[in-house]
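Enquirer: Generate a structure from the sequence data that follows.
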Amino acid sequence: MMLKCAVAGVPFGGAKGGVTCDPTKMSINELERLTRRYTYMILPLLGPEKDIPAPDVNTNEQTMAWIMDTYSMLAGYTVPGVVTGKPFELGGSKGRGYATGRGVAYVTSEILQRLNIPLKGATVAVQGFGKVGSNTARFLHQEGCKIVGVTDLSGGIFNEDGIDVPSLIKHTNNENYISGFDGGEFAADYRKANEKLIRSKVDILIPSALENQITEENAPGINANVIVEGANGPITNSADMILSKKGKTVVPDIVANAGGVIVSYFEWVQDVQAYLWTEDQVNQRLKQVITEAFLKVWNIAEKYETDMRHAAYMEAVRKIVEVTRLRGIFP
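Expert: Numbering: from 1, shown residues only. Below you'll find the predicted structure:
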């Protein structure tokens, strides 16, 4: 998270925290009590000028609303800037829910342009059809890409002629999963569907599920020339080396999926200023920031003849080292 913020030029640090549980087996009341208790226990760490949580795996706008309310009740006044990813009615930002997927789509467009691959008509396979994967597919579909395969926990859908993404999103909004959608060949076995998707003969593969999905076992069989990491850490280190030797272009997670934290920063800015931006303003600024970050990493990769992941780390570490040098050490 620290590296991602550094590459994007967002003045946030990085941290992760959570509770070991299965929220799918918990009631809404249990989730609320768990969230509020967790917030209370880490209260000394939180604050709009200290640590600012945002949604991640198995959390959502409601989770952020409970955290904000718990912190605010203990502070004695409403503090919307203590979290981001909140409901719009509580000080959330327009466009935040789509931000990560929109950012992945922006970066995908940029990398295809650099590789002289036409965006319109480009074939795409998306692993994971949650908030990131579905919105990435939505925005790429709008730009004329052909989404030929998607998977989630219920299996996978494949259609060489292109999946009707808006209809699939409507289906998952009602049913939660892609199973039951009549829009292509359906594979019910989750593991087999994922392996088929990962080996798809497509222009772009976008792993947007969980970490460690592309490993040394399946990396040799990848046919896509471009892999854009919608998830955090979907490619293992050993798989990364295999892909590099095969000449595949990988856009790393700390660049590709930075849209979420960028718009989280925008939300925090709006909260502390008590001034709301329009959705167009949010989207335009997101495109500007994430495109600048991508181009900086691309130029570093070309200058030092390295891959984009190493280039991104080089840029992030350079910034962190420089601010550490300027600030010095105290006491």
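
Enquirer: In the stretch 1-150 of the chain, mark out all the helices, start to finish.
Expert: 2-8, 28-41, 61-75, 99-114, 131-142 (DSSP state H, counting those that start in this stretch).

Enquirer: The ones you listed into CSV, with extra columns for mean pLDDT and distance to Gly247?
Expert: Bear in mind the C-beta positions are built from the backbone N, C-alpha and C, glycine included. Compiled in CSV, the helices of the stretch 1-150 of the chain are given as follows (pLDDT from 0 to 100; distance: least, C-beta to C-beta, whole Å):
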stretch, mean pLDDT, distance to Gly247
helix 2-8, 95, 24
helix 28-41, 98, 45
helix 61-75, 97, 41
helix 99-114, 97, 14
helix 131-142, 97, 23
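
Enquirer: Output those in JSON lines, with mean neighbour count and distance to Asp271 appended to each entry.
Expert: Formatted as JSON lines, the helices of the stretch 1-150 of the chain follow (neighbours: other C-beta atoms under 10 Å; distance: least, C-beta to C-beta, whole Å):
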{"stretch": "helix 2-8", "mean neighbour count": "22", "distance to Asp271": "18"}
{"stretch": "helix 28-41", "mean neighbour count": "14", "distance to Asp271": "17"}
{"stretch": "helix 61-75", "mean neighbour count": "19", "distance to Asp271": "10"}
{"stretch": "helix 99-114", "mean neighbour count": "24", "distance to Asp271": "16"}
{"stretch": "helix 131-142", "mean neighbour count": "23", "distance to Asp271": "21"}
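
Enquirer: Longest strand in the protein, by number of residues?
Expert: Across the chain, the strand with the greatest residue count (assigned by DSSP state E) is strand 146-152.

Enquirer: May I ask you to name the longest helix in this structure?
Expert: Taking DSSP state H as the assignment, the helix of the chain that covers the most residues is helix 279-304.

Enquirer: What is that one packed up against?
Expert: Taking 3 or more C-beta pairs under 8 Å, 6 or more residues apart in numbering; DSSP states H and E as contact, the helices and strands that helix 279-304 lies on are helix 2-8, helix 99-114, helix 253-256, helix 259-273, helix 308-327.

Enquirer: Identify whichever of those lies nearest to Ser244.
Expert: Checking these against Ser244 by C-beta to C-beta gives helix 308-327 as the closest, at 8.7 Å.

Enquirer: hang on, the earlier thing: for Trp277, find the nearest of the helices of the stretch 1-150 of the chain.
Expert: Judged by C-beta to C-beta, the one of these that comes nearest to Trp277 is helix 99-114, at 12.6 Å.

Enquirer: what's the angle from that closest one to helix 308-327?
Expert: Angular relation of helix 99-114 and helix 308-327 on a 0 to 180 degree scale: 120 degrees, by axes from the mean of the first three to the mean of the last three C-alpha atoms, to 10 degrees.

Enquirer: got any ranges where the stretch 51-200 of the chain has weak pLDDT?
Expert: Of all residues in the stretch 51-200 of the chain, none has pLDDT under 70.

Enquirer: if you set the cut-off to 90 instead, what comes out?
Expert: 56-57, 190 (pLDDT under 90).

Enquirer: Is Ile157 in a helix, a strand, or coil?
Expert: Under the three-state scheme (DSSP: H, G, I helix; E, B strand; the rest coil), Ile157 adopts strand.

Enquirer: Run through the residues that contact it.
Expert: Gly149, Val150, Thr151, Ile163, Leu168, Ile178, Phe181, Gly183, Gly184, Glu185, Phe186, Ala187 (C-beta atoms under 8 Å, 6 or more residues apart in numbering).

Enquirer: residue farthest from the centroid of the chain?
Expert: Residue farthest from the centre of the chain, counting by C-alpha atoms, centre = their mean, is Pro331 at 37.4 Å.

Enquirer: quick one: pLDDT of it?
Expert: Reading off the per-residue confidence, Pro331 sits at a pLDDT of 86.

Enquirer: and if you look at Val226?
Expert: Note on Val226: pLDDT of 98.

Enquirer: Which residues are in contact with it?
Expert: Applying C-beta under 8 Å, 6+ apart, the residues contacting Val226 are Thr108, Ile111, Leu112, Leu115, Ile117, Asp203, Ile204, Leu205, Lys248, Thr249, Val250, Val251.

Enquirer: Give me the phi and psi for it.
Expert: Taking degrees, to the nearest 10, you get phi -130, psi 130 for the backbone angles of Val226.

Enquirer: if I look at the nearest residue to Thr63 once chain neighbours are set aside, how far off is Ile52?
Expert: Of all residues beyond its chain neighbours, the one nearest Thr63 is Thr35 (5.6 Å), with distances taken as C-beta to C-beta, 6 or more residues apart in numbering. When distances are taken as C-beta to C-beta, to the nearest Å, Thr35 and Ile52 turn out to be 16 Å apart.
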